[in-house]
Structure formats: C-alpha cells, structure tokens
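Chemist: fold the following for me, if possible:
(one chain, ligands or ions: 1)
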Amino acid sequence: MKKMKKIALHWKILIGMVLGFLVGYTLTNMGYVQFVKDWIGPFGTIFIGLLKMIAIPLIIASLVKGISDLEDISKFSRMGIRTIILYVLTTIVAISIGLALVNIVNPGSYISEETLSELVAENSETAEGKIQNAKAQGEAGPLQPLVDIVPENIFHSMSENGLMLQVIFFVILLGICMILIDKEKAKPLKNIFDALNDIIMKMVDLIMLIAPVGVFALMAKLVAETSRPDLIFSLIVYGLTVVVGLALMIVFYLIVVFFYTGRSPMDFLKGISPAQLVAFSTSSSAATLPVTMERVEEHLGVDEEVSSFVLPVGATINMDGTSLYQAVAAVFICQALNVELTMGMILTILLTALLASIGSAAVPGAGVIMLIIVLESINFPSELLEKGIVMILAVDRPLDMCRTMVNVTGDATVSMVVAKSTGQLGEPNPKNLKDHYKN
Ligand code: ASP
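Modeler: Numbers count the residues shown, from 1 in each chain. Down below sits the predicted model:
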C-alpha cells in the first residue's frame, strides 16, 4: 500500500490514460459503445467540470494576489511587456517550424482522389457548423478583439469561461487600483483574496487526486466516440507532420528553459508533465489552467506574482501548438486540393496564424474554426473551403490533444523565462495534502 503512494502523479495519470484507451477500445469492439458513453464517460465530464469550476475563481484570486503584492506598477508593466513579447516570439517560432516542415514533407501529395471523397463523405455535416461559426467571427471589424476584451458586465463575464480575457482585464484593473489606494484601506480585500487563493490551490490538489480516473474515463469515451478510426490512417503523413512539428516545439522549449534558466529538461518535464497529460486528455488549455498554475508555482518554483499573470493570459492568448497546426493544416489543404501557394500567401498564413492563436478560445476544436479564417485570409477558393475543412476533421481530435499539450507547455516555459528575468524563479516547493493534516 505504501509503495502505491510513491508512484508519481504523472505516472498514475499516464496509466489511467493507457487503461482508458484499452478499456474503451475493447468495450467498443465488443459492441458496448453505449455502456462506455453512459457509465464511464460521465466521470470524465465530471473531472473536466471540476477543473472548469475553479478556473475563474482561481484566476481572480491569484491575479489579485499577484498584482496587489507588487510594490509599484512599473514592475507590473515590465513583466507585462516581456510576457507579450515572449508570447509573440514563441508563436512565430512555432509557425515557422510548421511552415518549414509542411513544405519539406509535402503531405498533400499523399492524398488520392479516392481518399479525399471518403474523408469528405464522412465529415461533411460537422464542417458546415464550423464554417458558419468562423464566418460570424470573420465578419467582425479588425479592432473587434480589442473591443471584446472590455466587459460590459463583469458578473456576466465571470459566469462564462469563454470570457476569461474580460475577467483578466477587470482583475488587472482591480489589482492596480488596490496598489494605488491607501495600503491600509486595500488590506481587508487583499486578505480575502489571499485566503481564497490558498484555498483554491488546495482544491486543485484534491481534484488532482481523481485525475487518473478522470483521464481514464475521458480516453475510454473518446475511443468509443471515434466513428471511423481507419480514416485516421489515410491522413497519417499529415498527422505525423503536425506531431513532429509539435515535438520539435517541445525540444525548443527544453532548450530555452535549459539555457536561460539552467533547469534541466528532466526537472522541467517532471514538474509540468501532469499538466501536459491533463491538457492531452481534456483538449482544453482553459480547463487545464488550474493544474498548470499549481505545477508551475509549486513544482517549477515560479513566483506567484509571475505565474498568476503569465499563465491565465497565456492560456487565452498564447497557443503555439495551435498556430503550428494551423500553418501545417492550411498548407496541407492547399497542397491536397491543388491550390497554388505564393510566397505572399505563405507570409499571410504566418501573420493570420499568429493572430488566430491570440483569438482562439482555449477549448476543444477552437483551432479548426480559426483555421477557416486563416484560409479565407489567403483568398482560398470558397467552393473548396468546405472540402478542405472536412478533409482534416477525421484527425482533428488527436491533433487537438497534442497541440493543447504544447500550448500549455509554451505558457509554462514563458512563465519560467519571465520569472528568471525578474529574479523570481526559486526552488520547487511542492505542498501536498499531508502538510495540512499536520496543521
Ligand atoms: N484545444 C486547444 C486549446 O485549448 C485550442 C485548439 O487548438 O483547438 O488550447
């Protein structure tokens, strides 16, 4: 029994994932799809629900705490500027890797007419909804994203996880004003948020106790819901191009972390892996945020002042994996449908994929919707748009899982770099449940 306890969390989650896949696969093949959906799937939904439940309270509490701990605002703006620059730079690296790989491998040339019609026949209904959704987003003016950051009613924003950026905006303003007014006056509110922050971090610990079961259920459900797994193989070269690109991105992060912060790649991966695995199983960086915050603060040693700002902002605007994927997918679709790409079009893809990564919601499948906007920006023939999107949907979910993992790792990397640059990277200091039993 004692030995069981010693297994590290990431191994438990990994075992849960593999078992979930095997059980889901076996039961689906035995014809028990409905059983998996009815009796196993809900535990996965509960796990994601628990993580989402604490996402907004956690952002509010930790951001208020982080900002109001600062002595002056100049420190905050320094950190803010560094964060945004690093996010843009890492995203450009990701898109460049994607564009280089897809042009070298040329996965579009592996798609025959026959495969294409089969892929189109299977997914056409799903694509239509996504195209409508993208149209609505694409029709807005160029400054709409800026307008969308300012909430009209903060209580409304707080009640909707998709409006996280609005909550961040309000909370930053609140934190700044807490520094600006008399310290004594701000203290009672600060104490409340400090306490709330600690309490919610403890909730993350508790929720993570059921993470192995949660990911087990999520994987089993996913396998049961995949209607034509054989179609995945027809897109294998494309899928592998994305996966290799994402793997290169992880290598890039490890190099950055090693050379800039001196932390060994093993230590970094050990610290962040539970968050990566949760990101992989949930396909949502927003749902993973509480786990990312806990891992980065307690297991990588990033000061809360930094993590509480860098991570929530990163979860909403920094998506390196998604932008790499968009670059590969956009070029792949053009290759497969024989749409010629000029250098100008490739540069447009780079720019719009960068903006799309900022605009993508941190939820499953958001990347595909933004991909449509990327394609439209290069004047992709509208009569081929549906065909192009439909074609890649068969592998979208597994690729979504992988890119979300990279999105989360990118946020963690930037938080370490920012912390190092401001002298706020300390030693890991994990708190576990036992600490509290003793108190
Ligand atoms: N699922 C991704 C995330 O939450 C977004 C996407 O690429 O679809 O980070």
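Chemist: burial of residue 344, as a residue count?
Modeler: 9 (other CB atoms under 10 Å). Heads up, the C-betas are built off the backbone N, CA and C, glycines and all.
Chemist: could you confirm it falls within a strand?
Modeler: No. Read with DSSP: H, G, I helix; E, B strand; the rest coil, residue 344 is helix and lies in no strand.
Chemist: tell me which element the closest residue to the ligand within the chain is part of?
Modeler: The nearest approach of the chain to the ligand comes at residue 367, 2.8 Å away (CB to the nearest ligand atom). Per DSSP states H and E: residue 367 is located in helix 366-377.
Chemist: contact partners of that helix?
Modeler: 130-131, 133-135, 137-138, 319, 322, 325-326, 329-330, 333, 348-349, 351-353, 356-357, 359-360, 385, 388-389, 392-393, 396, 400, 403 (CB atoms under 8 Å, 6 or more residues apart in numbering).
Chemist: convert stretch 276-293 to CSV, retaining C-alpha atoms only.
Modeler: Extracted C-alpha coordinates of stretch 276-293, given in CSV (Å, rounded to 0.1, in the frame of the first residue of the first chain):
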residue,chain,number,x,y,z
GLN,A,276,0.6,18.2,-20.1
LEU,A,277,-1.3,15.0,-19.6
VAL,A,278,-4.4,16.7,-18.4
ALA,A,279,-4.1,19.0,-21.4
PHE,A,280,-3.8,16.0,-23.7
SER,A,281,-6.9,14.3,-22.2
THR,A,282,-9.1,17.3,-22.0
SER,A,283,-8.0,19.2,-25.2
SER,A,284,-8.6,22.4,-23.3
SER,A,285,-5.9,24.8,-22.0
ALA,A,286,-8.6,26.7,-20.1
ALA,A,287,-9.7,23.5,-18.2
THR,A,288,-6.0,22.7,-17.6
LEU,A,289,-5.2,26.1,-16.2
PRO,A,290,-5.6,25.3,-12.5
VAL,A,291,-3.3,22.3,-12.9
THR,A,292,-0.7,24.4,-14.9
MET,A,293,-0.7,27.0,-12.2
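Chemist: need the contact list for residue 277.
Modeler: 10, 13-14, 17, 215, 405.
Chemist: quick one: what helix or strand has it in it?
Modeler: helix 265-282.
Chemist: check which helices and strands the next helix or strand after the helix holding residue 367 sits against.
Modeler: Following helix 366-377 in sequence order, the next helix or strand is helix 382-393 (DSSP H and E). If contacts are counted by 3 or more CB pairs under 8 Å, 6 or more residues apart in numbering; DSSP states H and E, helix 382-393 sits against helix 113-139, helix 320-336, helix 366-377.
Chemist: 6 Å instead, please
Modeler: helix 113-139 (3 or more CB pairs under 6 Å, 6 or more residues apart in numbering; DSSP states H and E).
Chemist: the ligand contacts on this protein?
Modeler: 283-285, 319, 322, 360, 362-367, 400, 403-404, 407 (CB under 6 Å from any ligand atom).
Chemist: of these, which is the most crowded?
Modeler: residue 319 (34 neighbours).
Chemist: find the nearest non-adjacent residue to it, please.
Modeler: residue 357 (4.2 Å; CB to CB, 6 or more residues apart in numbering).
Chemist: how about the secondary structure of the one you found?
Modeler: helix.
Chemist: gap between it and residue 222?
Modeler: Distance, residue 357 to residue 222, by CB to CB, to the nearest Å: 24 Å.
Chemist: higher neighbour count, those two?
Modeler: The neighbour count for residue 357 versus residue 222, taken as other CB under 10 Å, is higher for residue 357 (28 against 20).
Chemist: name all residues that make contact with the more buried one.
Modeler: Residue 357 makes contacts with 91, 319, 322-323, as judged by CB atoms under 6 Å, 6 or more residues apart in numbering.
Chemist: now those as CSV including pLDDT?
Modeler: Listed next are these as CSV, based on pLDDT from 0 to 100:
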residue, pLDDT
91, 95
319, 93
322, 94
323, 94
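Chemist: what's the farthest-apart pair in those residues?
Modeler: Farthest pair in the contacts of residue 357 (CB to CB) is 91 and 322. Separation: 9.1 Å.
Chemist: re earlier: what's the average pLDDT for the helix holding residue 367?
Modeler: Averaged across helix 366-377, pLDDT comes to 86.
Chemist: repeat for stretch 383-395
Modeler: If you average the pLDDT over stretch 383-395, you get 85.
Chemist: same check, this time on stretch 407-426
Modeler: On average, the pLDDT along stretch 407-426 is 95.
Chemist: would you mind listing the buried residues in that stretch?
Modeler: By neighbour count on 16 or more other CB atoms under 10 Å, the buried set for stretch 407-426 is 407-421, 424-425.
Chemist: what is the burial count for the closest residue to residue 231 other than its chain neighbours?
Modeler: Spatial nearest neighbour of residue 231, excluding adjacent residues (CB to CB, 6+ apart): residue 394 at 4.0 Å. Neighbours of residue 394 under the rule other CB under 10 Å: 24.
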